[in-house]
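Colleague: missing the sequence, but the structure's below:
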């Protein structure tokens, strides 16, 4: 049996504390203690490395948010380089003070730096009995294995300290989906992978306990992106039913990628310094209850 699951191993994980950022002493105001805090004033203090898939969707929006809000460097990666260089040029023009780096690689390969686990494809859209094992495994590889690799390599890198970074710290963010929280939100293979992302993130946050490394997941609902455009938005546009996309959402619309990116920015910043092991549904209320049609319930 693996020692990872033994009581002694779990106890070691939970008690193996490393040096933690001190609570900042703000002094007093007319004899009353000021509000204590651990986080500093800047949202993003250190180099942010992002793993990007689909540069026309959430990945692109997230890289813009990080560059705009103080990241020293942004690393963008994709398995295809169709828009990679164009995206670099755009970021360099908008944020000349940020170091922008690009690299083409497959997120399912164990060859990467610290990165934001955002890789995804939409799966096969077949019934489970019609889905081939190879198709299922490919979807798992893109949507789940890539997250495992991110967590595997990001954590140790975040524990490295320096003069500018005296404490082990970091934020690992993975993209799940409402399809991983509720059934019938996506294809069989996609939904299974996104559900596993939730478990992987929550397991990892325990294994990095005491190291000041946070692991969280974002679960977007219907979001306009490079992945959803050909599956949902383009067909609806051709039918003249674009207004119906996202109608099950309580806001009666789908999200734009920037709305997801802003949550990713929060989770990666000092503002989320005590948020760990959580799944943030960014779906306009879709997963808050059972879908229904207004006027259909007595």
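Modeller: Cool, the structure landed. Because the structure is a prediction, the values reported are computed rather than measured.

Colleague: can you pull out the strands in this structure?
Modeller: Applying DSSP state E to the chain gives strands spanning 28-29, 32-33, 48-49, 73-78, 99-104, 170-175, 213-220, 223-224, 255-256, 279-282.

Colleague: ok, residue 285 - contacts?
Modeller: Applying Cβ atoms under 8 Å, 6 or more residues apart in numbering to residue 285 gives the contacts 249, 250, 251. Where you see a C-beta, it was placed from the backbone N, CA and C, and this is true even at glycine.

Colleague: for the lengthiest helix in the chain, packing partners?
Modeller: The residue-count maximum for a helix in the chain (DSSP state H) belongs to helix 188-207. Helix 188-207 sits against helix 7-15, helix 133-140, helix 146-158, strand 170-175, strand 213-220, strand 279-282, with contacts defined as 3 or more Cβ pairs under 8 Å, 6 or more residues apart in numbering; DSSP states H and E.

Colleague: again, only this time at 6 Å
Modeller: Here helix 188-207 touches helix 133-140, helix 146-158, strand 213-220, going by 3 or more Cβ pairs under 6 Å, 6 or more residues apart in numbering; DSSP states H and E.

Colleague: could these go into CSV alongside mean neighbour count, mean pLDDT and distance to residue 228?
Modeller: Formatted as CSV, the helices and strands packed on helix 188-207 follow (neighbours: other Cβ atoms under 10 Å; pLDDT from 0 to 100; distance: least, Cβ to Cβ, whole Å):
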stretch, mean neighbour count, mean pLDDT, distance to residue 228
helix 133-140, 15, 90, 16
helix 146-158, 21, 87, 19
strand 213-220, 26, 94, 10
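
Colleague: center of the protein, which residue is that?
Modeller: Using Cα atoms, centre = their mean, the residue of the chain that lies closest to the mean C-alpha position is residue 174, 3.2 Å off.

Colleague: residue 257 versus that one, what's the distance?
Modeller: To residue 257, residue 174 is 17 Å away according to Cβ to Cβ, to the nearest Å.

Colleague: so which of the strands of the chain is nearest residue 161?
Modeller: strand 170-175 (11.3 Å; Cβ to Cβ).

Colleague: chain center to the closest one, what's the gap?
Modeller: 5 Å (Cα atoms, centre = their mean, to the nearest Å).

Colleague: elements contacting that strand?
Modeller: helix 146-158, strand 213-220, helix 257-268.

Colleague: and those as CSV, adding distance to residue 192?
Modeller: Below are those laid out as CSV (distance: least, Cβ to Cβ, whole Å):
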stretch, distance to residue 192
helix 146-158, 13
strand 213-220, 14
helix 257-268, 21
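
Colleague: quick one: which of these is nearest residue 87?
Modeller: Per Cβ to Cβ, nearest to residue 87 of the helices and strands packed on strand 170-175: helix 257-268, 13.1 Å.

Colleague: in that closest one, what's buried?
Modeller: 257, 259, 260, 261, 263, 264, 265, 266, 267, 268 (16 or more other Cβ atoms under 10 Å).

Colleague: any idea how far residue 128 is from the fifth one?
Modeller: Right, residue 263. Remark: distance between residue 263 and residue 128 (Cβ to Cβ) = 31 Å.

Colleague: hang on, the earlier thing: so which of the strands of the chain is nearest residue 60?
Modeller: Closest among the strands of the chain, using Cβ to Cβ: strand 73-78, at 8.3 Å.

Colleague: helices or strands next to the closest one in the packing?
Modeller: Counting by 3+ Cβ pairs under 6 Å, 6+ apart, strand 73-78 packs on helix 58-68, strand 99-104.

Colleague: any idea of the mean pLDDT in it?
Modeller: For strand 73-78, mean pLDDT rounds to 79.

Colleague: returning to what we had before: want to try a markdown table for the contacts of residue 285, with neighbour count, pLDDT and distance to residue 90 as columns?
Modeller: Listed next are the contacts of residue 285 as a markdown table, based on neighbours: other Cβ atoms under 10 Å; pLDDT from 0 to 100; distance: Cβ to Cβ, whole Å:
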| residue | neighbour count | pLDDT | distance to residue 90 |
| --- | --- | --- | --- |
| 249 | 19 | 85 | 29 |
| 250 | 13 | 88 | 34 |
| 251 | 13 | 89 | 29 |
